[in-house]
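1. have a look; sequence and predicted model below, questions after that.
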Amino acid sequence: MKTLAACCAAWALLPVVLTAQAEAPKPAADPHASVTAVPAATAPAQVASENKAAPIPLETLMDPELLKIMATIPVQQQGRVKPLETVARTTLLLPMYGKQSMKAEKFNETTGKVEPVLDPQTGKPVVNAKGKSTLSAMEWMLISLFRPDIGKELNVFVVDNSDAVVILNLHGKGKRDRYSYNEIAEGRQKLSQKMEEFRGMDPAKLSPESRALYKLSQDFLDYDMMLGHFDFARNPFGDQVGKVPAEILSPADGPNPPIAALLPKMAAYFKAHPEAQAPMANPWFFNFIRTLLCAKMNGVPQEQMNLFPPDDKNLEVWKSPGAIMQEALSGAEVSAHEYAMLTAWGELGRLDGTASSSDFKAKAKQVADTLSKAASDRGQTGHIGLELLLHKGDFFTRALYMFVLGSLALSAAWVSPGGRWEKTCKSICWGAMIIGAVLGTVGIIIRSLIMERPPITTLYETIIFITTTSVIGALLVEWMSRRKDLAMTVACISGVAGMFLSIRFFEMEGKDSLVQLQAVLITNFWLATHVPCINLGYACGMVACKTSMVYFTRRVFGVTKAGDEDARTLTRISYAFVLAGLFLSLVGTVLGGVWANYSWGRFWGWDPKENGALMIVLMNLIILHARLGGYVREAGFHVVNVILGMITIFSWFATNQLGIGLHAYGELSGAWKWLYTIWGVMAGYVVLGMIFAQMDKSSRSGGSVSGGSTREGQKGEHDLLPQAVAK
């Protein structure tokens, strides 16, 4: 049937719908309003009146018990089963708003003050059950689904370039600011035109303002569908309900029949009247197609909110409300159980202010139990509880707090060395750093249990893994060496910088970080050997680099002198991590080649990531041979360690931004700016180190004993661990 083709092409149709709404001579009825259509008895399928239902009280939606129930609803999206809270956090709010929670506040340009968003029905500020204007992702989601009138007032769209808003003939705010649905809707005609222009274009090739506009157009479209998600249950024909044929909607059907009762009638009607299947020539069907799209929540199949496990256990992909509607409309067989799930979900969306809070929670519990049982019967429940624990625990953010506390405590200990104050501060530092490392480890383990695979598959996961292992490694060295907090300083720097980077990267990437792998990559042996080895090699290289940077920083401030005890300790620490890094990087690279040969039939393909791994191995060898051969002494050794860090960052992070090769994942807009900044700082340390190396050489030439002879300068570097344990 043409109907099926029309539904499949509806993603391209929705911008046209937006244009049609924008160009309408009179304001159309709010397509997201809870309107009950009452066909008149005197004329088939013509509306006698419209009864706007009482809105659901905000207090009902903010009930913690209701939020908990809704959060547990299983959803299949992006190839895996996840809780509805994850969809709210990482698929919807994070890409649009840039964070996993939002503030229900607006800046009043007239008064110059930040003011709360008000409930249009009560005039009261929009707050959660605790009276806070900061809304969680689930609180925002329920407001958007059940109170779209409030959702349209929230500043949900982050725009990185205000010129994008000016292009829409709208008033721009700050250079990077947030806008509400209603603010952007004023320029929807221009926005829809831009959406058509951008279709099929590569965002990377657009200008900065065009990229911002491209993202805004996608976010606006997604949120528009989210606001209208339950329209299929409330009013699927919009303001054209009076034109629906009596064969589909008759007075006998009541004021608002369930969608499951309408779909078979619509399929039969289109079979008898194929000419009515043209949406652009048929206003009521035009509105219904829009409703169907909103029921899917996205035009991309893998991004849709698939709530309903199919009865056929041979089918792996679940169905969204819109998918079931599309199947029924095309004449395909829809089971009674699938209709029942669609009806139950729709009944939840049809609840209004006449329902009590207990009624709302009871209905939500019924829906959650029904969908959970359907998933359980197929053995596809996922790890809903663990994933909710991961969200609630927020382990990596809390680890960052602990690392910051540890860094502050260590800094405070240096204020008054030698006394009780120093001992207390160091104890706090040790406790905070250990707790932070434990939190990071627990978070990594929970993620592995959820995905049922080893811990590292994405660039984000490399950051949290390398950060946690770097902290643990530095703490172990500090515990063994007991040398004036030298390794502890490295641990603090690694923890704070790494966890901050992980959080920032997650927000900039703006998507779910728990990613389902391709089948060829889901080989647990190789994921458990090659990938951790390579990343532990990265960690060793970065710890060696940061230790050398600490060495140069201490020399700048005169805390450490060339050849003194602290300098030799820092050199031994760096040397140990270079040795470990060589072993791990070499083993990891060889294992990666074996995996590539096993999976793709080739051992080495000169992939940028492979080249980066080879560069790390070669640089480690160069450092060790240069040190053993006397080509570099103390300061020179630390210079080449910083260069090792620059190469490690290139292999670890920069190769993923090239967009080529088998490892071209994790590409991030704006990453090169930060990479060049970091390399610039490290290059400054290289120049500084070369100056110190030249100064040391001049000092030795003048008879001063700064680093000793070549052999003396190297003494003790090969037996760091035995010496440390003895101490």
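-> Sure, I can see it.

2. how near is Ile446 to Glu186?
-> Distance of Ile446 to Glu186, computed by Cβ to Cβ, to the nearest Å: 44 Å. Quick note: C-beta positions are derived from backbone N, CA and C, even for glycine.

3. pick out whichever of those two has more residues nearby.
-> Neighbour tally, Ile446 and Glu186, criterion other Cβ atoms under 10 Å: the higher count belongs to Ile446, 18 against 14.

4. so the residue nearest to Pro74 when sequence neighbours are not counted is in which element?
-> Leaving out its chain neighbours, the residue that sits closest to Pro74 by Cβ to Cβ, 6 or more residues apart in numbering is Ala375, at 4.8 Å. Element membership for Ala375 (DSSP states H and E) is helix 357-377.

5. elements contacting that helix?
-> If you count contacts as 3 or more Cβ pairs under 8 Å, 6 or more residues apart in numbering; DSSP states H and E, helix 357-377 packs onto helix 58-61, helix 64-71, strand 74-77, helix 336-350.

6. can you give me the buried ones in that helix?
-> Along helix 357-377, these residues count as buried under the neighbour rule (16 or more other Cβ atoms under 10 Å): 360-361, 363-364, 367-368, 370-372, 374-375.

7. tabulate the residues you listed (a markdown table), appending distance to Met499 and pLDDT.
-> Shown next, in a markdown table, are those (distance: Cβ to Cβ, whole Å; pLDDT from 0 to 100):
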| residue | distance to Met499 | pLDDT |
| --- | --- | --- |
| Phe360 | 39 | 95 |
| Lys361 | 37 | 96 |
| Lys363 | 41 | 96 |
| Ala364 | 36 | 97 |
| Val367 | 38 | 97 |
| Ala368 | 34 | 97 |
| Thr370 | 40 | 95 |
| Leu371 | 35 | 96 |
| Ser372 | 34 | 96 |
| Ala374 | 39 | 94 |
| Ala375 | 34 | 94 |
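
8. surely Thr571 meets Phe637?
-> Yes - between Thr571 and Phe637 there is a contact under Cβ atoms under 8 Å: 6.2 Å.

9. show me what contacts the residue most central in space within the chain?
-> For the chain, Lys511 is the residue whose C-alpha lies nearest the centre (Cα atoms, centre = their mean; 3.3 Å). If you count contacts by Cβ atoms under 8 Å, 6 or more residues apart in numbering, Lys511 has them with 90-91, 94-95.

10. which among the residues you listed gets closest to Ala246?
-> Thr91 (40.4 Å; Cβ to Cβ).

11. per-residue confidence for that closest one?
-> Thr91 carries a pLDDT value of 92.

12. that one in helix, strand or coil?
-> What DSSP: H, G, I helix; E, B strand; the rest coil gives for Thr91 is helix.

13. distance of it from Gly393?
-> Note on Thr91: its distance to Gly393, by Cβ to Cβ, is 20 Å.

14. how about Gly123?
-> From Gly123 to Gly393 the distance is 37 Å (Cβ to Cβ).

15. these two: which has the busier surroundings?
-> Neighbours per residue (other Cβ under 10 Å) separate Gly123 from Gly393, with Gly393 holding more: 14 against 7.

16. quick check: the more buried one touching Gly440?
-> No - using Cβ under 8 Å, Gly393 is not in contact with Gly440, being 11.4 Å away.

17. does the residue nearest to the centre of the chain sit in a helix, a strand or a coil?
-> Secondary structure of Lys511, per three-state DSSP, is coil.

18. oh, and call the first residue 26 from now on, that's how I've got it
-> Yep, numbering from 26; the last one is Lys536 now.

19. so what's the backbone phi/psi at it?
-> phi -160, psi 170 (degrees, to the nearest 10).

20. need the pLDDT of it.
-> With respect to pLDDT, Lys536 scores 90.

21. and for Phe171?
-> At Phe171, pLDDT is 97.

22. what's near enough to touch the closest residue to it other than its chain neighbours?
-> Leaving aside its sequence neighbours, Phe171 sits nearest to Ile81 (Cβ to Cβ, 6+ apart; 5.2 Å). Counting by Cβ under 8 Å, 6+ apart, Ile81 touches 171-172, 376-378, 380, 385.

23. among those, which ones are buried?
-> Using 16+ other Cβ under 10 Å, the buried ones in those are 171-172, 376-377, 380, 385.

24. give the buried residues for stretch 579-597.
-> Buried, per 16+ other Cβ under 10 Å, within stretch 579-597: 579-580, 585, 587-588, 591-597.

25. farthest pair within those residues?
-> Arg580 and Arg597 (16.4 Å).

26. out of the contacts of Ile81, which sit inside helices?
-> 171, 385 (DSSP state H).

27. just send the contacts of Ile81 back as CSV, with distance to Gly655 too.
-> Converted to CSV, the contacts of Ile81 look like this (distance: Cβ to Cβ, whole Å):
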residue, distance to Gly655
Phe171, 74
Arg172, 74
Leu376, 80
Asp377, 83
Gly378, 83
Ala380, 82
Phe385, 77
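
28. show me the shaky parts of the stretch 276-425 of the chain.
-> Applying pLDDT under 70 to the stretch 276-425 of the chain flags the ranges 279-280.

29. show me what stretch 515-531 is in contact with.
-> 421-422, 424-425, 427-429, 431-432, 435, 454, 458, 461-462, 465, 484-485, 488-489, 491-493, 495-496, 499-500, 503, 538, 567-568, 571-572, 575, 598, 693.

30. 6 Å instead, please
-> Here stretch 515-531 makes contact (Cβ atoms under 6 Å, 6 or more residues apart in numbering) with 421, 424-425, 428-429, 431-432, 435, 458, 461, 485, 488-489, 492, 495-496, 499-500, 538, 571-572.

31. dump the residue contacts of His688.
-> Lys634 are the contacts of His688 under Cβ under 6 Å, 6+ apart.

32. the same query, at a cut-off of 7 Å, please.
-> Contact analysis of His688 by Cβ atoms under 7 Å, 6 or more residues apart in numbering lists 632-634, 680-681.

33. on the three-state scheme, it is what?
-> coil.

34. before we move on, the earlier item: what is the helix or strand just after the helix holding Ala400 packed up against?
-> Proceeding N to C from helix 382-402, the next assigned helix or strand is helix 409-418, under DSSP H and E. If you count contacts as 3 or more Cβ pairs under 7 Å, 6 or more residues apart in numbering; DSSP states H and E, helix 409-418 packs onto strand 105-108, helix 109-111, helix 445-476.

35. can we see that at 10 Å?
-> helix 89-96, strand 105-108, helix 109-111, helix 445-476 (3 or more Cβ pairs under 10 Å, 6 or more residues apart in numbering; DSSP states H and E).

36. having no further points to raise, I will conclude here.
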